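Q: Following is a predicted model, sequence given first.
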Amino acid sequence: MTPRFVALVPAAGSGSRMRADCPKQYLLLHGKPVLWHSLKVLHTEPRISHIVLVLTEGDPWFARFDWSDLPRLQVLYCGGASRAETVRNGLANIASNTPDDPWILVHDAARPCLSRSDLTHLIDQLHADAVGGLLAVPVPETVKRATLDGHVAQTVPRQDLWLAQTPQMFRLRPLLAAHQGVLDTITDEASAMERQGDSPRLITGSRNNLKITYPEDLALAALLLPAADPQHSS
Ligand SMILES: Nc1ccn([C@@H]2O[C@H](COP(=O)(O)OP(=O)(O)OP(=O)(O)O)[C@@H](O)[C@H]2O)c(=O)n1
Ligand SMILES: C[C@](O)(CO)[C@H](O)COP(=O)(O)O
């Protein structure tokens, strides 16, 4: 049976580290919201049947933009106090309306530079996997652990260290089960699955797939976007 794929985009954050006058997912990049770019690349993958966008309840920003060129979008206003809670709420809604167990690709609204090729590669590599996995990149620099007063405590061996990205791709039912209970230590879907004893697969992605977090990231994303995937920077 052909597997089904559903994307889930958590977009209920406040973007506090961005220090902008609106949540960072609504800052403009090439004239379109950051969120639009993150949703657009998901729309380039025909195997994704629909994209569930989870906004904060009463989000006043979304309605100010045109999303009519994103026909597979389903919008929910059930964001939570943390990213993990937002993801859990979105998963619960999908599960209540889905009889089967599709693959879920969770992708940050704040990652607009995901390339079409990385998205396709992730699905191609994991669609028959027993657990699922995530896009990630090996740590490319030396890593230091700091003391409380800002000095080097130690250099951390990095040969096995990777930086997790999104999308992260897992089956709906196990992923929802992994999001039950305390979510304080859960910062991505893979850590929820790891807590259940699973070992998600790392799929090498691109360093272009940055998460817009700090003010300088927006200008960097504007430079990267055309290179990430010209087809979706239109
Ligand atoms: N309660 C939350 C917090 C975050 N997110 C989403 O999770 C993604 C990655 O989180 P992060 O970069 O931490 O976004 P913010 O929490 O908005 O940023 P900050 O931590 O700087 O406030 C973003 O797309 C954000 O919108 C969410 O849906 N619900
Ligand atoms: C999920 C994530 O993109 C993996 O790197 C990242 O953890 C989300 O950002 P946050 O600041 O941890 O919420």
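A: That came through fine. Numbering: from 1, shown residues only. Ligands and ions are numbered 1, 2, ... in the order given.

Q: What is the burial count for the residue of the chain found nearest ligand 1?
A: Closest residue of the chain to ligand 1, Cβ to the nearest ligand atom: residue 13 (2.1 Å). (Glycine included, C-beta is placed from N, CA and C.) A count of nearby residues for residue 13, using other Cβ atoms under 10 Å, gives 19.

Q: Remind me what the helix or strand of the chain with the lowest mean pLDDT packs against, helices and strands.
A: The weakest-scoring helix or strand in the chain, judged by mean pLDDT, DSSP states H and E, is helix 216-228 (a mean of 87). On a contact count with 3 or more Cβ pairs under 8 Å, 6 or more residues apart in numbering; DSSP states H and E, helix 216-228 meets strand 28-29, helix 34-43.

Q: who wins for proximity to residue 98 among those?
A: For the helices and strands packed on helix 216-228, the distance to residue 98 is smallest for helix 34-43, at 17.7 Å, taking Cβ to Cβ.

Q: quick check: mean pLDDT across that closest one?
A: What helix 34-43 shows for mean pLDDT is 98.

Q: for the protein, what spans make up the strands?
A: 5-10, 28-29, 32-33, 48-54, 73-76, 103-106, 132-138, 143-146, 152-156, 162-171, 201-204 (DSSP state E).

Q: quick one, which of those strands is nearest to residue 211?
A: strand 162-171 (7.4 Å).

Q: List the neighbouring strands of the closest one plus their orientation.
A: Strand 162-171 has the following strand partners under DSSP bridges: strand 103-106 (antiparallel), strand 132-138 (antiparallel).

Q: Could you check the pLDDT of residue 16?
A: Reading off the confidence values, residue 16 has pLDDT 97.

Q: typo on my end, it should be residue 233
A: Reported pLDDT for residue 233: 43.

Q: now residue 2
A: 73.

Q: quick one: residue 5 and residue 25, what's the gap?
A: To residue 25, residue 5 is 22 Å away according to Cβ to Cβ, to the nearest Å.

Q: Comparing these two, which shows the higher neighbour count?
A: Using other Cβ under 10 Å as the criterion, residue 5 and residue 25 rank with residue 25 on top: 30 against 20.

Q: Hmm, that one is touching residue 37, no?
A: No: judged on Cβ atoms under 8 Å, residue 25 makes no contact with residue 37 at a distance of 9.8 Å.

Q: Which pLDDT value goes with residue 176?
A: For residue 176, the pLDDT comes out at 98.

Q: residues contacting it?
A: Taking Cβ atoms under 8 Å, 6 or more residues apart in numbering as the criterion, residue 176 is in contact with 88, 91-92, 95.
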